[in-house]
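Enquirer: Predicted structure and sequence below. I'll ask about it afterward.
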Amino acid sequence: MDHIGEYEGAKSEVWELAYVLLTQLAITDVKLNPETEVERFISSVINTRPKKATTYFGFFDVAISPLANDGNEPSYLIHIEPDQSYISIRYRPDVFGLQVMRNYIAKNTSIFDQILLDCYASGFILDKSSMIPILPKGYPAEMEGESYIRLKEYELKSPIDLLKDRNELIQDIIFTFSAAIPFVQFFRNGLGL
């Protein structure tokens, strides 16, 4: 509460950034509606007060998606945190969506591989922290694309430098996101969107 003015100022800057990014992204991703209220894309700063005396932490997330499928679709994410800001394309499916996508990836592994290679060349990495230890039932051992089938969510991440000039930062974010649109489209195709 001692820093509420700074917080509100930072939040306004993030809203403005989200609006600019949504407007620019809507040019390359026609599923996005540039008239959407950006406030719904932005999380509040998270402050946790653990039982042990540790430092507070805080971040903003801006997650932009059409939400045409009740949120069960990939979104563009900007994670703003002092030491580890990044942008990502994130798909956190519900149980049904995960089952559909695993089957789709199993049938289209070579396409998914190529999309990932192109995204890696643009500075993205695939987050594998959600990988389960073994393949789900119904998938043969050592199948092509096994490592993708074992993921519970799909996220490409790329670090960003928030200290850049604002216009340069926005252009970098748009350029990097644009390189990952085939990744977004792959999931939309798998979901029939």
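Expert: Structure received. Residues are numbered from 1 along each chain as shown.
Enquirer: Please, where are all the helices along this structure?
Expert: Secondary structure of the chain by DSSP state H: the helices cover 4-28, 95-107, 109-121, 146-149, 166-179, 181-191.
Enquirer: With mean pLDDT and mean neighbour count added, can I get those in TSV?
Expert: The way it works is simple: take the backbone N, C-alpha and C, and place the C-beta from them, glycine included. Below are the helices of the chain laid out as TSV (pLDDT from 0 to 100; neighbours: other C-beta atoms under 10 Å):
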stretch	mean pLDDT	mean neighbour count
helix 4-28	83	15
helix 95-107	92	16
helix 109-121	96	15
helix 146-149	94	16
helix 166-179	90	16
helix 181-191	93	19
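Enquirer: So which of these is nearest residue 64?
Expert: Minimum separation from residue 64 across these (C-beta to C-beta) falls at helix 4-28, 5.6 Å.
Enquirer: Hey, what's the angle from that closest one to helix 166-179? Just curious.
Expert: 50 degrees (axes from the mean of the first three to the mean of the last three C-alpha atoms, to 10 degrees).
Enquirer: helices or strands up against helix 4-28?
Expert: Applying 3 or more C-beta pairs under 8 Å, 6 or more residues apart in numbering; DSSP states H and E, one finds that helix 4-28 contacts strand 60-64, strand 75-80, helix 166-179.
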